[in-house]
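Visitor: sequence plus the predicted model coming up.
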Amino acid sequence: MNKTSILFLFIMTLIITATSCSNDSNNENNASIVGKWEILQYGIGPIDHEIFTDRVNVTECGKDYIEFLSDGTYKVILFSKHKEECYTIEDNGKYIKNESTLSLIKYIQDSEHIIESEPTDSEIIMLNESTLKFRFLTKTEKETVSQISIFKKI
């Protein structure tokens, strides 16, 4: 998969409007989400049958990450390289974490104002001091597709 496709999948994982589920069996989600989280893997497919891929970074430019700040905002920094030139793509917005649900609200700049997207809800599968794993669900006509992202704290 080329860098552009991976980048698109990562951004879409963060902004796709989805349905959230609760996970009553996991009580490991009480750690703080505040901090920088480097993406390690992502998976897509039917629920519990996702196919995972390691995240490939342009290491000489930097490692892609999402940062959750204590003021309730987040930013996503994606590094890329074109013709030996490093550059970054940045998204930001605000987040709401409630128990096992994480809602992301992306800031979108129009010609004169910053507007907020509809909240994108995800299920926090795991959140501890070193690992963040969350799932977005997207319903299609035929099935529900699961998109999982796995991060490590940096």
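Guide: Here it is on my side, so go on.
Visitor: Glu60 touches Ser80, doesn't it?
Guide: No: counting by Cβ atoms under 8 Å, Glu60 does not reach Ser80; the two are 11.3 Å apart. Where C-beta positions appear, they are placed from N, C-alpha and C, glycine not excepted.
Visitor: any low-confidence regions in this structure?
Guide: 1-29, 57-59 (pLDDT under 70).
Visitor: for Ile47, give me its contacts.
Guide: By Cβ atoms under 8 Å, 6 or more residues apart in numbering, the contact set of Ile47 is Leu137, Thr144, Ser146.
Visitor: again, only using 6 Å
Guide: If you count contacts by Cβ atoms under 6 Å, 6 or more residues apart in numbering, Ile47 has them with Ser146.
Visitor: Glu60 and Ser80: who's more crowded?
Guide: Each of Glu60 and Ser80 had its neighbours counted (other Cβ atoms under 10 Å), and the higher figure belongs to Ser80 (17 against 9).
Visitor: list the helices and strands the one helix or strand the more buried one maps to packs on?
Guide: When secondary structure is defined by DSSP states H and E, Ser80 falls within strand 73-82. Where contact means 3 or more Cβ pairs under 6 Å, 6 or more residues apart in numbering; DSSP states H and E, strand 73-82 is packed against strand 65-68, strand 85-98.
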